[in-house]
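> I'll drop the sequence and a predicted model, then ask my questions.
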Amino acid sequence: MATPRVTMVLHSGDMDKLYSALIIGNGALSMGMEASIYFTFWGLQRLTKGGLEKGPLSKMHMLGLGKWMIRRRMKKARVASLERLMTDFRELGGKVIACEMTMEIMGISKEQMRQEWIDEYGAVGMYIQEARDSSITLFI
């Protein structure tokens with residue numbers, strides 16, 4: 001029997017949605033599952049150098065004040081940073097796929113990407129292959 005797998009599409013670049021994807025991915029990996037995240041459109045921008053922490057909140061942004069308040073509360077609750085969660089995801093065996101079509105549309109080159117985080121560059125077919133073999137698929 002194949003190892004259970006979770007596959008996510010990260011379409012959003014919002015900070016809270018990126019947190020959700022990485023927390024779910026790390027949770028799945030820690031439970032013995034395989035996990036992959038297909039970064040596309042605004043989610044893909046988080047894989048660029050310096051891009052991880054740039055995303056706004058999906059709600060309550062309030063010209064940046066909401067994000068500052070949430071970060072402060074997260075620090076107080078000892079929630080790991082996005083950098084730490086991404087590092088954990090990669091170290092636990094999580095797979096990161098960067099959408100090549102989005103890179104072309106948005107004018108993002110491979111040189112602009114955090115290469116150490118990316119396993120593969122691919123199109124929708126690569127996501128479909130991952131999702132077809134998954135017991136859980138999510139669109140974030």
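Perfect, I can see it now.

> hmm, residue 21 and residue 38 touching each other?
No - using C-beta atoms under 8 Å, residue 38 is not in contact with residue 21, being 10.1 Å away. (C-beta placed from N, C-alpha, C; glycine too.)

> now do the shared contacts for these two.
8, 10 (C-beta atoms under 8 Å, 6 or more residues apart in numbering).

> distance of residue 112 from residue 135?
34 Å (C-beta to C-beta, to the nearest Å).

> more neighbours, these two?
Legend: neighbour count by other C-beta atoms under 10 Å for residue 112 and residue 135, higher for residue 112 (16 against 13).

> ok, residue 100 - contacts?
Here residue 100 is in contact with 121, 122, 123 (C-beta under 8 Å, 6+ apart).

> following the helix or strand bottoming out on mean pLDDT in the chain, which helix or strand comes up?
The weakest-scoring helix or strand in the chain, judged by mean pLDDT, DSSP states H and E, is helix 65-76 (a mean of 73). Counting by DSSP states H and E, the element after helix 65-76 in chain order, helix or strand, is helix 82-91.

> distance from that next one to the middle of the chain?
10 Å (C-alpha atoms, centre = their mean, to the nearest Å).

> same thing with stretch 116-125?
For stretch 116-125, the distance to the chain centre is 12 Å (C-alpha atoms, centre = their mean).

> quick one on the thing from earlier: in PyMOL, how would I select the buried members of the contacts of residue 100?
To isolate the buried ones among those in PyMOL, judged by 16 or more other C-beta atoms under 10 Å, type:
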select buried, resi 122
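
> which residues of this protein score low on pLDDT?
Low-confidence segments of the chain, defined by pLDDT under 70, are located at 1, 60-68.

> what does the longest helix anywhere in the chain rub up against?
Across the chain, the longest stretch assigned as helix under DSSP state H is helix 15-30. Outside helix 15-30, the residues that touch it by C-beta under 8 Å, 6+ apart are 6, 8, 10, 12, 34-35, 37, 43, 46, 52-53, 55-59, 67, 70, 79, 82, 85-86, 88-89, 92-94, 136, 138, 140.

> what's the angle from that helix to helix 82-91?
With axes from the mean of the first three to the mean of the last three C-alpha atoms, to 10 degrees as the basis, helix 15-30 and helix 82-91 are set at 30 degrees to each other.

> right, I'll call it a day here.
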